[in-house]
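# What follows is a protein structure lacking sequence information:
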């Protein structure tokens, strides 16, 4: 069964410097139907204005993944890390016992477009960790590239949860297939474009909820980019 969580149904707040869409209940947005999905807790689509960003703030006991679609984001944290995250980069931060960080758009004239993803960890009170890896367009084009996993296999970032996250960039009419355990669940987030998942159409910003399926055929109706979460 495949169900669509429509982009237009998401929580939406325009703060001027931040235009944000919440797939699941978050901050001021509350929808009891969408408190998360399995261990997937947050998917926020954020547009950050030039020269603006998130000031230093804290988290704990959460696996936080940042996926950049456009622009560049400057990261600093209480662990001493400082970096710039660009399209193709995947940042993973395990907040554990507590971490503080800031994320800023350092450009004077270009916005940043990103997906902020939170996954509930399988263990609480972990030592905070930071990891960042780059995945080229060639690695993601026309295939499902593993970018995050519980064991860090195939060069993916490691998250403390039974989840595998794949990224893909597809040209119009391109197809990728994914075989999964029918007892597991999947969430497919359309970052750009339009896709069909086993003939169910999902547009930009939509999430496709997958349950009880053993095989997925994903067809790009036009040039598209997506994330696929395989969840316990």
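On my side now, so go ahead. Bear in mind that the values here come from a model prediction, so they are computed numbers and not experimental data. Numbering: from 1, shown residues only.

# Quick one: the helices in this protein, in order.
Ranges of helices in the chain, per DSSP state H, are 137-140.

# Run through the bridge partners of the residue lying closest to residue 28 once chain neighbours are set aside.
Ranked by C-beta to C-beta, 6 or more residues apart in numbering and with sequence neighbours excluded, the top spatial neighbour of residue 28 is residue 13, at 6.7 Å. Every C-beta, even on glycine, is put in place using the N, C-alpha and C of the backbone. On the basis of DSSP bridges, residue 13 is bridged to residue 20.

# how close does residue 13 sit to residue 134?
As defined by C-beta to C-beta, to the nearest Å, residue 13 lies at a distance of 30 Å from residue 134.

# residues touching the residue nearest to residue 28, list them.
Applying C-beta atoms under 8 Å, 6 or more residues apart in numbering, one finds that residue 13 lies in contact with 19, 20, 22, 28, 29.

# List buried residues within those residues.
19, 20, 22, 29 (16 or more other C-beta atoms under 10 Å).

# Tell me, how many residues neighbour the closest residue to residue 122 other than its chain neighbours?
Excluding its sequence neighbours, the residue lying closest to residue 122 (C-beta to C-beta, 6+ apart) is residue 161, at 5.0 Å. Number of residues near residue 161 (other C-beta atoms under 10 Å) recorded here: 21.

# which residues sit in contact with residue 161?
Residue 161 touches 39, 63, 119, 120, 121, 122, 150, counting by C-beta under 8 Å, 6+ apart.

# repeat for residue 71
48, 86, 87, 105, 107, 110, 111, 112, 113, 114.

# Nearest to residue 192 among these?
Of all the contacts of residue 71, residue 113 has the smallest distance to residue 192: 9.3 Å, by C-beta to C-beta.

# Could I get the pLDDT score of that closest one?
pLDDT for residue 113: 97.

# and the residue nearest to it when sequence neighbours are not counted, how many neighbours?
Nearest in space to residue 113, with sequence neighbours left out and distances taken as C-beta to C-beta, 6+ apart, is residue 70 at 3.8 Å. Around residue 70 there are 13 other residues, counting by other C-beta under 10 Å.

# Does residue 70 touch residue 85 like I think?
No: counting by C-beta atoms under 8 Å, residue 70 sits too far from residue 85 to count as a contact (11.6 Å).

# Any figure for the gap between residue 202 and residue 145?
19 Å.

# and what of residue 188?
Distance from residue 188 to residue 145, by C-beta to C-beta: 14 Å.

# Show me which of the two is the more surrounded one.
Shown here are residue 188 and residue 145; by other C-beta under 10 Å, residue 188 has more neighbours (24 against 20).

# which residues does the residue nearest to that one when sequence neighbours are not counted contact?
Among residues not flanking residue 188 along the chain, residue 208 sits closest, at 4.1 Å (C-beta to C-beta, 6+ apart). Counting by C-beta under 8 Å, 6+ apart, residue 208 touches 2, 3, 4, 5, 186, 187, 188, 190, 195, 197, 200, 202.
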